[in-house]
Each structure stands twice: as C-alpha cells, then as structure tokens.
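In: This is the structure alone, sequence omitted:
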C-alpha cells in the first residue's frame, strides 16, 4: 500500500509540475481531469484527496473483476457438463499453453463466451 501511495504521490507531483493537465486539448486521462477539478471553495484537490480517489477507483475495479471471476468459476463448478465443454474448448484453442505471449483469437472461444 505504501508503494502505491508513493507511486501516486510522485506521479501527481510530476504531472502538477509539468503543467500538462491544464488544457483540455491535450490529456484526456482521469488524473488530468482530477487535477483540473476544484473543490467547493475553488481550490485544487489536495494530493491526499487525489491519491485517495485514485486508490478507491483502482481497488473498486479490482474487486469487481475478482468477484466476477469468482462467480464465473463457481457457476462452472456447480455445472460439471458446462465446465467440461469450456475446458475442452480452451484446450483446443489454446493448445498446451506453450505460447508464452498469450496469443490467441478470443473470437474462437465460441462456447466460453
């Protein structure tokens, strides 16, 4: 957690110092929008507020993904026939897993979709 906070602190400071967030023509990323945002009193968001917001979004995305994957695996576990079809299709498309780059055509996974 300290590593992430340190990374965010350095990134926020670097972006503020560079001024590359100030115009709408350039950057369209979340950090730039947050750096341009103002609190109700007209002041810029503090580093702590920016950091907390970014961490919340990071973990919210992580939780959503992990919960979705957990539920999908649960559904497969309680449906052995479906699990068998998915495993067979994945083995057919992905082979023996020798391709370390993860190159495959996701559209080829017809049943797993």
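Out: Great, that's in hand. Bear in mind that the values here come from a model prediction, so they are computed numbers and not experimental data.

In: in stretch 67-75, what's buried?
Out: Buried residues in stretch 67-75, counting neighbours by 16 or more other Cβ atoms under 10 Å, are absent. (Each C-beta comes from the backbone N, C-alpha and C, glycine too.)

In: cool, and stretch 46-65?
Out: By neighbour count on 16+ other Cβ under 10 Å, the buried set for stretch 46-65 is 50, 51, 53, 54.

In: Walking through the protein, point out its helices one by one.
Out: Using DSSP state H, the helices of the chain run over 2-18, 30-36, 47-77, 80-94.

In: Now render those as JSON lines, adding mean pLDDT and distance to residue 105.
Out: Listed next are the helices of the chain as JSON lines, based on pLDDT from 0 to 100; distance: least, Cβ to Cβ, whole Å:
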{"stretch": "helix 2-18", "mean pLDDT": "89", "distance to residue 105": "34"}
{"stretch": "helix 30-36", "mean pLDDT": "86", "distance to residue 105": "31"}
{"stretch": "helix 47-77", "mean pLDDT": "88", "distance to residue 105": "20"}
{"stretch": "helix 80-94", "mean pLDDT": "90", "distance to residue 105": "7"}
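
In: Tabulate the ones you listed in TSV, adding columns for distance to residue 108.
Out: Putting the helices of the chain into TSV (distance: least, Cβ to Cβ, whole Å) gives the following:
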stretch	distance to residue 108
helix 2-18	36
helix 30-36	33
helix 47-77	19
helix 80-94	5
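
In: I appreciate the help and will end here.
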